[in-house]
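# Sequence and predicted structure, then a few things I'm wondering about:
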Amino acid sequence: MSSTRGRGRTGTPWKELVFETSASTNSATRAFFQIRAAKVKLFFNQRATIFQKDFFVLSPPYSKTNMMKYSLTLLFFLFSTMLFSQEKKNPPKMTKKMDSLFAVFKKQYLQQTVKNQKRNNSLLKNSPSDSLITLNLSHSNYDKVPDISRFNRVKSIDLTHNRIITINRKNLQSDSLHTLLLTGNRIRHLHFYRNNRITTLTLNNNHLKRIPRSIRRLKHLKTLDLGKNRIKRIPHFILKLDSLNEISLNYNIIRFNKRAVKRLRKINRILLGSNNISQLPENINELKGVHRLNLGKNALSTLPDSFKQLTQLQSLILYKNNFSTIPNVVFSLKNLVELDFYYNRLQSVPEGIGNLTRLKQLFLSYNQIATLPDTLQSLIKLKYFYIHHNQLKIIPVWFLQLQNLERVGLDHNKLFSIPDLSLLPKLKEVDLGFNNLEYLPLKLIGRNDMQLIILRNNPFIMTKEERQALQMLSKQRATEGKSLIF
């Protein structure tokens, strides 16, 4: 859990990840890979929902075996490099090695995309017009879309990660088409026929300066992803898309003013992460139907009083802003299930947190919190609780009343006392690393149903025999697909 997220939550879904590094001796290397595997597992568990849905859409490449192999290799080395650079400057030799690895990956990737394109062209040429239901043309080095207009039964087209600038709209005229994935291209303009049946459209990571006007013709559109472009304003026609229930505008330069609020007021899921928003408009309460609101990676330090009227809100993401405390208006949102204040400047947790009795996920890591309020014990539905990288010294005994906890992150604090966490019946993963604990949580270690326990970097008092016994137990757990790291 000590990894960082980029809309990286600890460990952050997948995006701008930073992992720790380790020495390269034989024994240290084995420990390194063991810890990396545990951290990767934690990372995906913690942030899967947010990263998959809020920041980008993952599209499987055409050749799964080869492309996934290359992608995972690159990700592993990038994560390790990024992490290493945080804790220690990269030695020139390592930097050169990483550059070489990246060059190899890039070459292999380009070769694979060329092969994909040839395979795709052959498929399109030889397939009957009514035979294809889905078209996966991703990662194929296309600079323009091949003629697919004759495939009148196609329901889904994946053109992600090519070099496409524009699309001939005759390729989008099929009445059967409902999913169009265009992430990772160079699109500046897009034109649709009227009455198109498309329900899902992703245009993440393109060159858009405005939301294409022809999108107004997509009367059945439900999900629209426009993240990572250069969009400044929200046009009026967005309000007229009656079926639209989710819009992602992460990583743009949106002017989030009163007019923008009015145009988004019918949408249930609004994602506005990383838009340099420093203040919310007073009419934010007009978003009365919003269920999920992502305002992560902005410059907010306060919320207007009208914010408390968003009573339907279930998920509130305020990761990486400038809050010194959790605003009181948040504690009026009684339907909240997920609350994220990662990477802020919180000094404490207000007692009002106890009002949010429906919370299942609470993320408070990377702040300066020293104590937990007693009212926190009211959150009996809580499943995920991450408060690592803070200043906690004690976990109160009442913590054991949170009987639904499944994953807990308490690492990188100053803990010298914790209750018997083995009494939490549903607990599966816990990180207690980098604290001041002297006594091993033996009962917790003894639970066979624990999937992950991290105890490393604590001044535990133990004999040589006890340490050897733990090492043997750790190896045994590894054979069972579980992790015990100390």
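Structure received. Numbers count the residues shown, from 1 in each chain.
# For the rest of this, base every contact and every neighbour count on C-alpha atoms.
OK.
# SS state for the nearest residue to Trp398 once chain neighbours are set aside?
Distances taken as C-alpha to C-alpha, 6 or more residues apart in numbering put Gln377 closest to Trp398, at 6.4 Å, once the chain neighbours are dropped. Of the three states, Gln377 takes helix according to DSSP: H, G, I helix; E, B strand; the rest coil.
# My guess is Gln377 contacts Phe399. True?
Yes: under the criterion of C-alpha atoms under 8 Å, Gln377 makes contact with Phe399 at 6.3 Å.
# In the stretch 351-486 of the chain, what residue spans correspond to strands?
Remark: strands assigned in the stretch 351-486 of the chain by DSSP state E, counting those that start in this stretch are 361-363, 384-386, 407-409, 429-431, 452-454, 483-485.
# Give me the distance from the lengthiest helix in the chain to the chain's centre.
When the chain is parsed with DSSP state H, its longest helix is helix 92-126. Centroid separation for helix 92-126 versus its chain: 26 Å, with C-alpha atoms, centre = their mean, to the nearest Å.
# where exactly do the strands run in the stretch 101-250 of the chain?
134-136, 156-158, 179-181, 200-202, 223-225, 246-248.
# In terms of secondary structure, what does the fifth one contact?
Just to be clear, that refers to strand 223-225. If you count contacts as 3 or more C-alpha pairs under 8 Å, 6 or more residues apart in numbering; DSSP states H and E, strand 223-225 packs onto strand 200-202, strand 246-248.
# among those strands, which is the most enclosed?
strand 246-248 (a mean of 23; mean count of other C-alpha atoms under 10 Å).
# Give me the contact list for that one.
Contact with strand 246-248 is made by 54-55, 222-227, 267-272, as judged by C-alpha atoms under 8 Å, 6 or more residues apart in numbering.
# how about 10 Å then?
53-56, 200-204, 221-228, 238, 264, 266-273, 290-292, 294 (C-alpha atoms under 10 Å, 6 or more residues apart in numbering).
# Just the buried ones among those, please.
54-56, 200-204, 221-228, 238, 264, 266-273, 290-292, 294 (16 or more other C-alpha atoms under 10 Å).
# Sitting in helices, which of those residues do you find?
Leu264.
# Quick one: the helices and strands packed on strand 223-225 as a markdown table, columns for distance to Ser483 and mean pLDDT too.
Below are the helices and strands packed on strand 223-225 laid out as a markdown table (distance: least, C-alpha to C-alpha, whole Å; pLDDT from 0 to 100):
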| stretch | distance to Ser483 | mean pLDDT |
| --- | --- | --- |
| strand 200-202 | 37 | 97 |
| strand 246-248 | 36 | 98 |
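# Neighbours of Thr113, how many?
By other C-alpha atoms under 10 Å, 23 other residues sit near Thr113.
# Report how many residues lie close to the spatially closest residue to it that is not a sequence neighbour.
Here the nearest residue to Thr113 in space, its sequence neighbours aside, is Ser140; by C-alpha to C-alpha, 6+ apart that works out to 4.3 Å. When neighbours are counted by other C-alpha under 10 Å, Ser140 registers 27.
# ok, now Phe399?
Residues near Phe399, counting by other C-alpha under 10 Å, number 20.
# What score does it have for pLDDT?
Per-residue pLDDT puts Phe399 at 98.
# And His412, by the same measure?
For His412, pLDDT reads 98.
# who are the neighbours in contact with it?
1-2, 365-366, 387-392, 431-436, 457.
# quick one: Ile394 and Lys414 touch, right?
Yes: Ile394 is within contact range of Lys414, at 8.0 Å (criterion: C-alpha atoms under 10 Å).
# got any residues that touch both of those two?
With C-alpha under 10 Å, 6+ apart, Ile394 and Lys414 have common neighbours Ala370.
# okay, these two: which has more neighbours?
For Ile394 and Lys414, the more surrounded residue by other C-alpha under 10 Å is Lys414, and the numbers stand at 19 against 16.
# Pull the contacting residues for that one.
Counted by C-alpha under 10 Å, 6+ apart, Lys414 has contacts Ala370, His389, Asn390, Gln391, Leu392, Lys393, Ile394, Phe434, Asn435, Asn436, Leu437, Asn458.
# One more pass at 7 Å, please.
Applying C-alpha atoms under 7 Å, 6 or more residues apart in numbering to Lys414 gives the contacts Gln391, Leu392, Lys393, Asn435, Asn436.
# just for the stretch 1-150 of the chain, where's the confidence low?
1-99, 102 (pLDDT under 70).
# circling back to that earlier point, okay if I get the helices and strands packed on strand 223-225 as JSON lines plus distance to Arg169?
Listed next are those as JSON lines, based on distance: least, C-alpha to C-alpha, whole Å:
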{"stretch": "strand 200-202", "distance to Arg169": "14"}
{"stretch": "strand 246-248", "distance to Arg169": "23"}
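# Among those strands, single out whichever gets nearest to Ile167.
Of all the helices and strands packed on strand 223-225, it is strand 200-202 that lies closest to Ile167, at 13.7 Å by C-alpha to C-alpha.
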